[in-house]
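Chemist: Got a sequence here, can you model it:
(one chain, ligands or ions: 1)
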Amino acid sequence: MPTDSHDPITDAVLDLIRAQDPESAELIALERDRQEHTIELIASENHVSPAVMYAMGSCLTNKYAEGYPGRRYYGGCEFHDQVETLAQERAKQIFGCSFANVQPHSGAQANAAAFMALLEPGDTFASLVLSDGGHLSHGMKINFSGIFYKPVHYPLIRDSSSSDFETIDYDAVREVCLEHKPKMLLCGYSAYPRVIDFAKFRAIADECGAYLLADIAHIAGLVAAGTHPSPFPHAHVVTTTTHKTLRGPRGGLIMCNDEEISKKVNRSLFPGLQGGPLMHIIAAKAVAFGEALKPEFAEYSTKVVANAQALATALTGHGFRITSGGTDNHLMLVDLSARDADLTGADAEGWLEAAGIITNKNGIPDDPRPPRVTSGLRLGSPATTSRGFGEAEMVQIAQWIDTVLASKGDEATIAKVRNDVKSLCAKFPMPGAATVSC
Ligand code: DSN
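Modeler: Got it, this is the predicted structure:
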């Protein structure tokens with residue numbers, strides 16, 4: 001049983017669970033131990049504050065509250081109404097918009113509700129394909145978005161001599177939209193390291209008579225802090241997750257400025273797609289949104305970007321190619337094949353995990369390898385920054401990544417790096433421990 005937690009509350013909670021269910025407690029403790037002693041570089045993950053963590057574990061989980069504040073299908077919702085309204089008001093204040101629905105269970109659910117509000121089944125929409133950095137819910141054939149709607153995709157710039165290589169090809173976005181006349185244009189991505197020009201997207205949407213949907217799941221925390229431009233007032237609807245750079249509980253959020261659209265969004269989500277809201281998660285969203293409104297959160301987001309850029313620069317120095325030449329946000333895509341043609345994302349992910357550095361394999365644009373293998377790694381800085389790592393630590397991590405990948409999985413090398421990683425982690429206790437700021 002791991003015993004070296006820095007968090008007395010988590011210890012007490014685990015003791016309580018252990019007294020009733022040692023088996024479950026052991027698994028939770030093992031996961032806590034894994035998180036404490038490894039470096040989390042998955043761009044979509046983060047470490048929440050204790051306040052967010054324990055709001056999720058509160059008695060609000062006991063209650064059904066189908067409906068919306070003031071219009072519920074169950075009695076006893078007085079405080080749930082207030083919690084949900086608080087979360088809504090804080091979300092509106094953070095993002096500068098008029099309507100917020102805080103009930104989506106996830107980002108994909110938020111997208112499904114936005115699609116249902118803006119489109120009819122069979123309607124065409126334009127988006128970036130998953131393999132170029134888009135998302136499953138942006139038109140994959142095996143997802144609701146590709147099953148019930150008709151996606152057309154716009155490309156990245158493929159000319160490697162261009163200074164904008166591998167960034168959004170806005171001219172092509174316009175051409176695709178003028179040709180196919182989509183009812184909705186979707187921007188916002190899960191593996192795109194550059195700034196999104198929402199104003200340009202809106203101009204194209206207006207020209208072809210489309211709604212603009214911005215999915216800011218990855219960059220929401222940066223938008224909240226002003227380190228990435230806001231999708232408002234450009235997008236008709238904005239969807240996001242709440243657990244990535246925004247550092248809240250696992251969940252989704254939908255926002256807009258148009259009352260009629262907001263009514264459609266609300267109806268689409270409930271009763272259209274979901275039943276009872278997860279009120280304990282909505283309470284944790286309120287807490288996280290409160291954190292995002294504090295000046296410390298802006299400082300955090302500035303450091304997230306600086307740390308990502310430090311990691312990208314250091315990896316470039318080790319001979320790795322970063323797609324598009326670097327990053328403007330919290331993530332980067334490393335093209336492993338430029339350094340070693342035989343090195344796959346799957347191998348790199350496995351060797352790094354053994355060394356205590358957690359990443360995810362990710363396709364790069366025009367990747368010849370399948371998604372379970374890939375030629376790339378996606379790396380991000382939200383979790384390490386929450387832990388207190390600075391640019392010096394990111395440079396050190398780049399050195400370890402280089403060492404592990406150059407060794408091609410050599411066990412002695414991995415063991416040495418694993419020890420060094422553990423020592424560094426010990427100096428930066430995991431948030432969720434008593435030391436977390438804001
Ligand atoms: N799975 C998320 C990510 O890792 O980016 C997207 O939903």
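Chemist: For the residue of the chain found nearest the ligand, which residues are in contact?
Modeler: Here the chain gets closest to the ligand at one residue, Ser44, 3.3 Å apart by CB to the nearest ligand atom. Glycine gets a C-beta too; all of them are placed from N, C-alpha and C. Ser44 sits next to Ser190, Ala217, His218, Thr241, His243, Lys244, Gly380 when contact means CB atoms under 8 Å, 6 or more residues apart in numbering.
Chemist: what does the stretch 51-200 of the chain put close to the ligand?
Modeler: Applying CB under 6 Å from any ligand atom, we find that the stretch 51-200 of the chain lies next to the ligand at Gly107, His135, Ser190.
Chemist: Pipe those residues into CSV and attach secondary structure, pLDDT and neighbour count per row.
Modeler: Listed next are these as CSV, based on DSSP: H, G, I helix; E, B strand; the rest coil; pLDDT from 0 to 100; neighbours: other CB atoms under 10 Å:
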residue, secondary structure, pLDDT, neighbour count
Gly107, helix, 98, 30
His135, coil, 97, 24
Ser190, coil, 97, 23
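Chemist: returning to that earlier point: any idea how far the residue of the chain closest to the ligand is from Ala348?
Modeler: 18 Å (CB to CB, to the nearest Å).
Chemist: for the residue of the chain closest to the ligand, helix, strand, or coil?
Modeler: Under DSSP: H, G, I helix; E, B strand; the rest coil, the three-state class of Ser44 is coil.
Chemist: Count residues in the vicinity of the nearest residue to Ser230 once chain neighbours are set aside, would you?
Modeler: With CB to CB, 6 or more residues apart in numbering as the criterion, Ser230 has its nearest non-adjacent residue at 5.4 Å, and that residue is Val223. Applying other CB atoms under 10 Å, we find 27 residues neighbouring Val223.
Chemist: Confirm that Val223 lies within a helix, as I assumed.
Modeler: Yes: assessed with three-state DSSP, Val223 lies in a helix.
Chemist: Report pLDDT for it.
Modeler: Looking at Val223, its pLDDT stands at 98.
Chemist: OK, contacts around the residue nearest to Arg90 when sequence neighbours are not counted?
Modeler: Distances taken as CB to CB, 6+ apart place Phe289 nearest to Arg90, at 3.6 Å, with adjacent residues excluded. If a contact means CB under 8 Å, 6+ apart, then Phe289 has Ala87, Arg90, Ala91, Gln93, Ile94, Gly248 as its contacts.
Chemist: switch the cut-off to 6 Å
Modeler: Counting by CB atoms under 6 Å, 6 or more residues apart in numbering, Phe289 touches Arg90, Ala91, Ile94.
Chemist: ok, for the last one, nearest residue in space, not its chain neighbours?
Modeler: Put plainly, it is Ile94. In this structure, Ile94 finds its nearest non-sequential neighbour in Ala224, 4.8 Å apart by CB to CB, 6+ apart.
Chemist: hang on, that neighbour packs against Gly290?
Modeler: No: in this structure, Ala224 is not within contact of Gly290 by CB atoms under 6 Å, at 11.7 Å.
Chemist: So for those two, which residue has more residues nearby?
Modeler: More crowded of Ala224 and Gly290, by other CB under 10 Å: Ala224, with 28 against 19.
Chemist: Could you count how many residues lie near Met68?
Modeler: Not Met; residue 68 is Tyr. Tyr68 has 18 neighbouring residues, counting by other CB under 10 Å.
Chemist: Run through the bridge partners of it.
Modeler: Arg71 (DSSP bridges).
Chemist: measure it to Ala87 for me?
Modeler: Using CB to CB, Tyr68 is found at 12 Å from Ala87.
Chemist: From the contact counts, what lies against the helix or strand harbouring Asp11?
Modeler: Applying DSSP states H and E as the criterion places Asp11 in helix 8-20. Applying 3 or more CB pairs under 6 Å, 6 or more residues apart in numbering; DSSP states H and E, one finds that helix 8-20 makes contact with helix 22-36.
Chemist: which strands and helices sit next to whichever helix or strand comes after the helix it packs on?
Modeler: Of the helices and strands lying after helix 22-36 in sequence (DSSP H and E), the nearest is strand 39-40. Using 3+ CB pairs under 6 Å, 6+ apart, no helix or strand is in contact with strand 39-40.
Chemist: what packs against the helix or strand just after strand 39-40?
Modeler: Downstream of strand 39-40, the first helix or strand assigned by DSSP H and E is helix 50-56. Applying 3+ CB pairs under 6 Å, 6+ apart, we find helix 50-56 packed against helix 279-292.
Chemist: quick one: the helix it packs on to chain centroid distance?
Modeler: The chain centroid and the centroid of helix 279-292 are separated by 16 Å under CA atoms, centre = their mean, to the nearest Å.
Chemist: Check stretch 274-294 too.
Modeler: The answer for stretch 274-294 is 16 Å, by CA atoms, centre = their mean.
Chemist: Could I have the CA atoms of that stretch written out in PDB?
Modeler: Taking Å, rounded to 0.1, in the frame of the first residue of the first chain, the C-alpha atoms of stretch 274-294 are listed here in PDB:
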ATOM      1  CA  GLN A 274     -28.900  13.500 -21.400                       C
ATOM      2  CA  GLY A 275     -31.000  12.700 -18.400                       C
ATOM      3  CA  GLY A 276     -30.100  13.900 -14.900                       C
ATOM      4  CA  PRO A 277     -27.200  16.300 -14.600                       C
ATOM      5  CA  LEU A 278     -24.200  15.300 -12.500                       C
ATOM      6  CA  MET A 279     -24.700  17.900  -9.800                       C
ATOM      7  CA  HIS A 280     -21.600  17.000  -7.900                       C
ATOM      8  CA  ILE A 281     -19.600  17.600 -11.100                       C
ATOM      9  CA  ILE A 282     -21.500  20.900 -11.700                       C
ATOM     10  CA  ALA A 283     -20.500  22.000  -8.100                       C
ATOM     11  CA  ALA A 284     -16.900  21.200  -8.900                       C
ATOM     12  CA  LYS A 285     -17.200  23.200 -12.200                       C
ATOM     13  CA  ALA A 286     -18.400  26.200 -10.100                       C
ATOM     14  CA  VAL A 287     -15.300  25.800  -7.900                       C
ATOM     15  CA  ALA A 288     -13.000  25.500 -10.800                       C
ATOM     16  CA  PHE A 289     -14.600  28.500 -12.600                       C
ATOM     17  CA  GLY A 290     -14.000  30.500  -9.400                       C
ATOM     18  CA  GLU A 291     -10.400  29.500  -9.600                       C
ATOM     19  CA  ALA A 292     -10.200  30.500 -13.200                       C
ATOM     20  CA  LEU A 293     -11.400  34.000 -12.300                       C
ATOM     21  CA  LYS A 294      -8.500  34.600 -10.000                       C
END
